[in-house]
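*Asks:* Model the following, please.
(chains A, B, C and D)
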Number of protein chains: 4
Amino acid sequence: MTETSPGWLTPDELGLARARMPILYVEAVPVRVDDSGEVTHVGLLLRIGPDGTVSRTLVSGRVLHHERIRDALLRHLEKDLGPVALPRIPTSLQPFTVAEYFPTHGITPYHDPRQHAVSLAYVVPVTGDCQPRQDALDLVWFTPQEASSPLVQQEMPGGQGALLKQALAHVGCLS
Amino acid sequence: MTETSPGWLTPDELGLARARMPILYVEAVPVRVDDSGEVTHVGLLLRIGPDGTVSRTLVSGRVLHHERIRDALLRHLEKDLGPVALPRIPTSLQPFTVAEYFPTHGITPYHDPRQHAVSLAYVVPVTGDCQPRQDALDLVWFTPQEASSPLVQQEMPGGQGALLKQALAHVGCLS
Amino acid sequence: MTETSPGWLTPDELGLARARMPILYVEAVPVRVDDSGEVTHVGLLLRIGPDGTVSRTLVSGRVLHHERIRDALLRHLEKDLGPVALPRIPTSLQPFTVAEYFPTHGITPYHDPRQHAVSLAYVVPVTGDCQPRQDALDLVWFTPQEASSPLVQQEMPGGQGALLKQALAHVGCLS
Amino acid sequence: MTETSPGWLTPDELGLARARMPILYVEAVPVRVDDSGEVTHVGLLLRIGPDGTVSRTLVSGRVLHHERIRDALLRHLEKDLGPVALPRIPTSLQPFTVAEYFPTHGITPYHDPRQHAVSLAYVVPVTGDCQPRQDALDLVWFTPQEASSPLVQQEMPGGQGALLKQALAHVGCLS
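*Replies:* Predicted coordinates for the structure are as follows:
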């Protein structure tokens, strides 16, 4: 994928689109599972903002023109976790939820100042080595209990903490 | 909602967007249910094309900028079934499936020559009177068995027949 | 339904079965919704134990021999909420989760000292008047925020508080 | 697991229970998937009845007393597919459907002359070698198209053909 791919927008075009349409995203909650499929750990990307703020995020990104959701999930997982994370993309496209990020606060628990984004959210077991790439410093594994603790939740921006709790509820790990 | 709403695109802008991005849709399968929630009938819109072709379609339409999925579902159900259909929008946004319509054939069972559309699909019980508006001639109620028959299936364009069968499978009415 | 129905067990038989097999239950989270399907309130039954303990519970009960899940849901909703609650049983039998209650602690978040019960859990909008019957004193409506508060959670026995949070997560109301 | 395990019933006890209660089952649709999670093949067990009848079945079995659903799935997959099938048990217990097998015909699409069985159904990718054990002769892999063909469907007893179609619909492979 290069910037000349028809699936990419120029910055101007993306700016225009963001002001006029909901933008389709996929979001993945990377997890480690045991042999019985039970989630033992959740992986969160660690990012440091320009002002030094620590934030922890899920794997997330746009779906491109003419790209399948499955391929978008794979692409963003590889982009964020490296080429040998060996993600197990779900057999069904039924997401555990759909997160609606609005540029204004208070409509839903989700907020994105840049745009109205609609995100299909999946839990994705990864079995290989994860080497964060791009702008992430690290990938840190938390137990489900740690992941839903106030300490971790407050470091997750834009409502991603709520989305993570929804994922934990879906896999039966929210107590 | 009028064409001056910021959520609407001019025809030129919509054309540009359709060539560059996946467009977010919602799709509703209107159903009649009995007291135990079992689906007894499925409603399909009857349309006659400019060339006289008969087609049967689900309720379907775009999600606008800054519009919640729930509100898009309500708006399109009212647009297609009239103001007193009394639809019961689902409590959860988890769709029974996500249908990916591509402008090229064969990538998924779904096809839309105009665009790459990604559609969140829901089963929606309606309890009131349905009076089709806009360009639909009629709303016809079929039993689940009739709805999955080859006769009805072949009148559903773009893979909507497959989507209807997925809906029937989801509610336990595909035998 | 009387005790002579073949679906009923004598107390001895039920005791034997409970020691030998998982017992199938259904569980319903009664909710009030607005026109767009968004949950505004959750209904919890108030019970006072023999020792004066206050507990708040969901609608719950066994599935009988030769009884459909839909009919078991209807029967228990009517038994607990009265005959004019007008519940909207879901079109799909896909539960939002399956809660496994074990007689020993710590295997899952759910615990039932009497038995190993496996419970299919559904969110059920009710639109009519609710008049608790049987051993419940009252049905109290809570906002989603109140329902997930520690105050309410600690009054819900056997892990039903965790199940309620899963339901709220499923309908997008857990923040 | 031997017959002295408390989770097992004597034949008499099982006979009694079957006449009085719904019996809890799990059912697994074994699939092969590609890197993007898309189902490429479905595995069906081949059985020859005492009268020479060919039947094709899914992986299926009872949940025992004090056994988790995850462990019942693992146990039955290993029993039917051998010890190195390497099944990927789902992270979430939310089944794609619940199949209700009644001893009388016509209540649901599912029928079991022995009992009222309620079965939680899951799609389970398997990545290792499958060596059918017990009474199955062979495990045969079909494409989704073959699996939903009348030829295969008519060899699946008790409504398992309908359940297989529901599974294919759930993973987007029913056209």
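*Asks:* Where is the longest helix in chain A?
*Replies:* Ranked by residue count, the top helix of chain A under DSSP state H comes out as helix A:69-81.
*Asks:* tell me the mean pLDDT for that helix?
*Replies:* Averaging pLDDT along helix A:69-81 yields 96.
*Asks:* Show me the helices in chain A, by range?
*Replies:* A:11-20, A:69-81, A:144-147, A:150-153, A:160-170.
*Asks:* Could you dump those helices into a markdown table with distance to D:L64 and mean neighbour count added?
*Replies:* Any C-beta I mention is one placed from the backbone N, CA and C, and that applies to glycine too. Compiled in a markdown table, the helices of chain A are given as follows (distance: least, CB to CB, whole Å; neighbours: other CB atoms under 10 Å in any protein chain shown):
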| stretch | distance to D:L64 | mean neighbour count |
| --- | --- | --- |
| helix A:11-20 | 54 | 15 |
| helix A:69-81 | 36 | 21 |
| helix A:144-147 | 26 | 19 |
| helix A:150-153 | 37 | 12 |
| helix A:160-170 | 26 | 25 |
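*Asks:* out of those helices, nearest to chain C?
*Replies:* helix A:160-170 (3.4 Å; CB to the nearest CB).
*Asks:* residues in chain A within reach of chain B, list them.
*Replies:* A:6-7, A:9, A:13, A:16-17, A:19-24, A:63-69, A:92-98, A:100, A:102-104, A:107-108, A:116, A:118, A:120 (CB under 8 Å from any CB of the partner chain).
*Asks:* Show me which residues of chain A are close to chain D?
*Replies:* Residues of chain A lying near chain D (CB under 8 Å from any CB): A:31, A:33, A:35-39, A:68, A:70-71, A:73-74, A:88-94, A:96, A:123, A:125, A:170-172.
*Asks:* out of those residues, which touch chain C?
*Replies:* A:H170, A:G172.
*Asks:* Now, of the residues of chain A next to chain D, which are buried?
*Replies:* Taking 16 or more other CB atoms under 10 Å in any protein chain shown as the criterion, what is buried in the residues of chain A next to chain D is A:31, A:33, A:37-39, A:68, A:70-71, A:73-74, A:88-94, A:96, A:123, A:125, A:170-172.
*Asks:* A:T108: how many residues sit nearby?
*Replies:* A:T108 is flanked by 19 other residues according to other CB atoms under 10 Å in any protein chain shown.
*Asks:* Nearest residue to it in space, please, no chain neighbours.
*Replies:* Computed as CB to CB, 6 or more residues apart in numbering or on different chains, the closest residue to A:T108 that is not its neighbour in sequence is A:E100, at 4.8 Å.
*Asks:* same question, A:L81
*Replies:* Counting by CB to CB, 6+ apart, the residue nearest A:L81 is A:C130, at 4.4 Å.
*Asks:* Surely the one you found touches A:L86?
*Replies:* No. The pair A:C130 and A:L86 fails to qualify as a contact (CB atoms under 8 Å) at a distance of 9.3 Å.
*Asks:* quick check, distance from stretch A:162-175 to the centre of its chain.
*Replies:* 14 Å (CA atoms, centre = their mean, to the nearest Å).
*Asks:* again, but for stretch A:127-138
*Replies:* 13 Å.
*Asks:* Between the two ends of it, what distance do you get?
*Replies:* 17 Å (CA to CA, to the nearest Å).
*Asks:* With stretch A:166-175 instead?
*Replies:* Stretch A:166-175 has an end-to-end distance of 12 Å (criterion: CA to CA).
*Asks:* Give me the contact list for it.
*Replies:* A:29, A:31, A:38-39, A:42, A:96-97, A:121, A:123, A:144-145, A:147-148, A:165, C:97, C:108-109, C:159, C:162, C:165-166, C:168-170, C:172, C:174, D:91-94 (CB atoms under 8 Å, 6 or more residues apart in numbering or on different chains).
*Asks:* pLDDT on it, on average?
*Replies:* pLDDT averaged over stretch A:166-175 gives 94.
*Asks:* What residues sit buried inside stretch A:44-51?
*Replies:* For stretch A:44-51, using 16+ other CB under 10 Å, the buried residues are A:L44, A:L45, A:R47.
*Asks:* just checking, the first one touches A:V54?
*Replies:* No. With the criterion set as CB under 8 Å, A:L44 and A:V54 do not qualify as a contacting pair; they are 11.0 Å apart.
*Asks:* In chain A, where is pLDDT below threshold?
*Replies:* Confidence mapping of chain A against pLDDT under 70 gives the ranges A:1-9.
*Asks:* just the strands in it please.
*Replies:* A:23-33, A:39-48, A:54-57, A:59-62, A:97-102, A:110-111, A:117-125, A:138-142 (DSSP state E).
*Asks:* Okay then, goodbye and thanks.
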